[in-house]
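In: generate a structure from the sequence data that follows.
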Amino acid sequence: MSLSAAYRLAATVLHGFDEYRARFQAMTREASQRFRDADWQQAQRASAERINLYKEKVDATRTRLERTFSEEVLTNCEYWCEARGCYAQLISQRLDFELAETFFNSLFCTVFHHRHIRNDRAFVYSSRDGAPHRSGIELCRRYAVNGDWQSALSRALVEAPLALPFTDAARDSARGAAFLREALPPAVLHADNAELELLHSVFYRNKGAYLVGRIRGGGEQVPLVLPVLHDDGNAAACLRLDTVLIEPDEVSILFSFTRAYFQVDVPVPGECVAYLQGLMPNKPIDELYASIGFFKHGKTEFFRALNRQVAKREDRFILAPGVPGMVMAVFVLPSHRTVFKIIRDRFDPAKDITHREVREKYQLVKRHDRVGRMADTQEFSNFIARKDHFDPDCLAHLLETAPSTVSMKGDKVLIRHCYTERMMTPLNLYVEHCSEEEVATVLNDYGNAIKQLAAANIFPGDMLLKNFGVTRHGRVIFYDYDEISYLTHCCFRALPRTADGRRADVSALSIGPNDIFPEEFGPFMIANPERRALFTRQHPELFDPDYWQGLQQDIRNGRVIDVYPYRNKQRFNGGRDALVH
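Out: Next up is the predicted model:
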C-alpha cells in the first residue's frame, strides 16, 4: 500500500526533527564531561554550536524535502494541511511533542517564507492544549531533613550526578546548613516533614554546575539552587559548593533572558519547564524553554502568549518611551512587557552601518555568552496585526521610518522583519526618577555591566545610558547592538600629551576605524557632571587604556573569566576568584 504524499512529507519532517534532537541531546550530555575536564573554551564553543544546530537541521530537512517532492507538492498548502494531521498523529505519544510541533512550523515557514500561516496548516496552537503532561518518569531525588539540615545537604551533594568528588562535602554542607538555618522561613525550617528535593538533571553553564530544586515543609516551599564550582585551591580535580540560593528573585536571575542557555539533559522538556515555573511563577514559559536550550520553542510560546494578550485588547502598540534610536524604530506593547525593534530604512548620518551588518550584530549576541548583561532577542518575519491594535502616532512613525519593512494591506499591518525583547526601563529615564542613593547603585551596576561584557570579549561601542535598560530586579542590561564588536577587535589607545602635559585633541590625531580612546569616554557616557564624577570614582579603570588592553590579553591567552549569576557577597569564599562583581 503506497503512502500519501502528505504522510511522506510529515515523516520526512519528523525524520529531520529526530536528527536534530539526537544531536542536541548528544551535545548537551557532553556538558558533564566538559565540566569535569574544566574545558571552558570548548564549553563556549559547544554553546554556540548548539544554537546554530537548529537552523542547520531545518535547512538540511528542507533540502531533503526539495529532493523528494515536486515543487507543486511542496508549495501546496493543502498538502501541508493534510501533512499537519499526519504529523500530529506521528508525534501524539512523544514526550517532546511540543518541540516537534515547532520544528514542523519552522519547515512550513521556510518553505512559504513565513506566509500563509494558519492553524490548519501549522501548529499555531498546540495539538495537545490542555492534555496532561504525565510521563511517569521521576524528575527528582529527595532527602528527608529530620532536624539535621547538614546531613541532608551533605547527602544531596555527595549523591549528585557529578563526575568529580567534593573537596570537603562536610565543610560545604555545614556552610549551607548554617545559611539555611538563618534564612529559611520558620514554618519550613522547623517542619517535621521538611525535605530537600532536587532535579536529577544537572544544569551546566560557563564554569558552573547547578543543582536545582526546592525545599518543602510545613505546607510551604522555597526554591533551592546549589551552585557547584571547581575547587581551584585544591591540587586535585575536586568540587566545592559556592553558595546556596533560596530567594525566588535570585533563582529568576539565574534563569534570566540575559544569560546563555543552560546545557541540561531533560527527559521530558514540558515537565521540566512546568517544574521550573513552580519555582518561578512570574517567569514566562517562553523564557524557561529558552533557558534550557529550546529557544525556538520559546519563540513559539512567546508568539502564542502575544496573540492571547493582543486579543484581550487591554492596550495598543505604542512608541517606546525614551530617546528614539538612530538605527531602530522601537515600539512596545506595555501589557505584555515586550519591545519590538524594526530596522529603519535610513540611519542617522552618524551611523556608518548597513542593514546586513545590524542583523549580523544581533546574530552575534544570540550565539555569544551574554553573561547576564545582554537581552536575548527573538526574530520574526511577516508579523501581522490589525491596524486598530496600533496607536495612530506609533503606526504613522513606523510607516514613515521603515516603509520597506512596514506596510498596510487593507486593515492589516504587515511587518516583514522585527526583533522582540523583554521590556526594560531605559537607564537614562530610570536615573531621572531615583534618589541619589539609587542613582549611585544603578550607576555602579552600569559600570559592572560594561566590565562583565568586556570580560566576555564584548565591547558595547555606544555606551550612552539610553542604550542600557534596568530590569525589574534592578540589574543594568545592554540592549542596543548596532555598534557591538568583539573586544579583541578594538584598538585601545592612550591620548598623547602635549609639551605642557595636557591631553592632545583627538580631532588632530590620525585615527583608525577600530581606534578607541578610553580617556574620552566620560562626557559621551554621562552628560551630568556630578553623576559623571561619581561614576569615575566608582569605576576609574574604565577610563584607563591599560585596563582594556589587559582584558584583551587575558582573552587572547585563552582565559575564560568568571562572571557569576549572583552577588559576590553571597559566595562562601567571599568571591575572591571573580574578576568583577
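
In: surely residue 466 and residue 430 touch.
Out: No: using Cβ atoms under 8 Å, residue 466 is not in contact with residue 430, being 10.5 Å away. Every C-beta, even on glycine, is put in place using the N, C-alpha and C of the backbone.

In: between the two, point out the one with more neighbours.
Out: Neighbours were counted for residue 466 and for residue 430 using other Cβ atoms under 10 Å; residue 430 has more, 21 against 15.

In: now the more buried one: how far from residue 448?
Out: 15 Å (Cβ to Cβ, to the nearest Å).

In: quick one: the helices in the stretch 51-200 of the chain?
Out: 71-74, 77-90, 97-112, 149-158, 169-183, 186-189 (DSSP state H, counting those that start in this stretch).

In: and the most centrally placed residue in the chain, how close does it get to residue 463?
Out: Centrality entry for the chain: nearest residue to the mean C-alpha point is residue 257, 3.5 Å, by Cα atoms, centre = their mean. From residue 257 across to residue 463, the span is 21 Å (Cβ to Cβ).

In: ok, now residue 315?
Out: For residue 315 relative to residue 463 (Cβ to Cβ), the value is 32 Å.

In: check residue 329 too.
Out: In terms of Cβ to Cβ, residue 329 sits 22 Å off from residue 463.

In: tell me which of those two has more neighbours.
Out: Between residue 329 and residue 463, counted using other Cβ under 10 Å, the more crowded position is residue 329 (24 against 20).

In: Three-state assignment for the more buried one, please.
Out: Following DSSP: H, G, I helix; E, B strand; the rest coil, residue 329 is assigned to strand.

In: how close does it get to residue 443?
Out: In terms of Cβ to Cβ, residue 329 sits 29 Å off from residue 443.

In: now do residue 384
Out: Computed as Cβ to Cβ, the residue 384 to residue 443 distance reads 41 Å.

In: the more surrounded of the two?
Out: Neighbour comparison, residue 384 and residue 443: the larger count goes to residue 443, with 23 against 12 (by other Cβ under 10 Å).

In: and the strand or helix carrying that one, what does it pack against?
Out: Using DSSP states H and E, residue 443 maps to helix 436-455. Judged by 3 or more Cβ pairs under 8 Å, 6 or more residues apart in numbering; DSSP states H and E, helix 436-455 is in contact with helix 427-430, strand 468-470, strand 476-478, helix 529-538, helix 545-556.

In: adding mean pLDDT, write those out as TSV.
Out: Output for the helices and strands packed on helix 436-455, formatted as TSV (pLDDT from 0 to 100):
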stretch	mean pLDDT
helix 427-430	95
strand 468-470	96
strand 476-478	96
helix 529-538	95
helix 545-556	95
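
In: which one of those lies nearest to residue 565?
Out: strand 476-478 (13.1 Å; Cβ to Cβ).

In: packing partners of that closest one?
Out: Other elements packing on strand 476-478 under the criterion 3+ Cβ pairs under 8 Å, 6+ apart are helix 436-455, strand 468-470.

In: for the residue nearest to residue 230 when sequence neighbours are not counted, give me its contacts.
Out: Leaving aside its sequence neighbours, residue 230 sits nearest to residue 38 (Cβ to Cβ, 6 or more residues apart in numbering; 5.6 Å). By Cβ atoms under 8 Å, 6 or more residues apart in numbering, residue 38 lies in contact with 207, 230, 237.

In: next one: residue 480
Out: Contacts of residue 480 by Cβ under 8 Å, 6+ apart are 325, 327-328, 460, 462, 466-468.

In: ok, and the most crowded of those?
Out: Counting by other Cβ under 10 Å, top hit in those: residue 468 with 25 neighbours.

In: let me see the contact set for that one.
Out: Each residue near residue 468 by Cβ under 8 Å, 6+ apart is listed here: 426-427, 446, 449, 476-480.

In: partner residues bridging it?
Out: residue 478 (DSSP bridges).

In: ok, residue 479 to residue 465 distance?
Out: 12 Å.

In: likewise residue 172?
Out: Distance, residue 172 to residue 465, by Cβ to Cβ: 41 Å.

In: what's the answer for residue 458, then?
Out: In terms of Cβ to Cβ, residue 458 sits 18 Å off from residue 465.

In: would you mind listing where the protein has pLDDT under the threshold?
Out: Within the chain, the ranges that satisfy pLDDT under 70 run 1-2, 130-133, 233-236, 499-501, 504-510, 574-581.

In: got the domain ranges for it?
Out: 5-112, 140-308, 313-423, 427-570 (automatic domain parsing).

In: dump those domains to a markdown table, plus distance to residue 118.
Out: Formatted as a markdown table, the domains of the chain follow (distance: least, Cβ to Cβ, whole Å):
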| stretch | distance to residue 118 |
| --- | --- |
| domain 5-112 | 8 |
| domain 140-308 | 13 |
| domain 313-423 | 12 |
| domain 427-570 | 33 |
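
In: and of those, who's closest to residue 128?
Out: Proximity to residue 128 (Cβ to Cβ) singles out domain 5-112 among the domains of the chain, at 6.2 Å.
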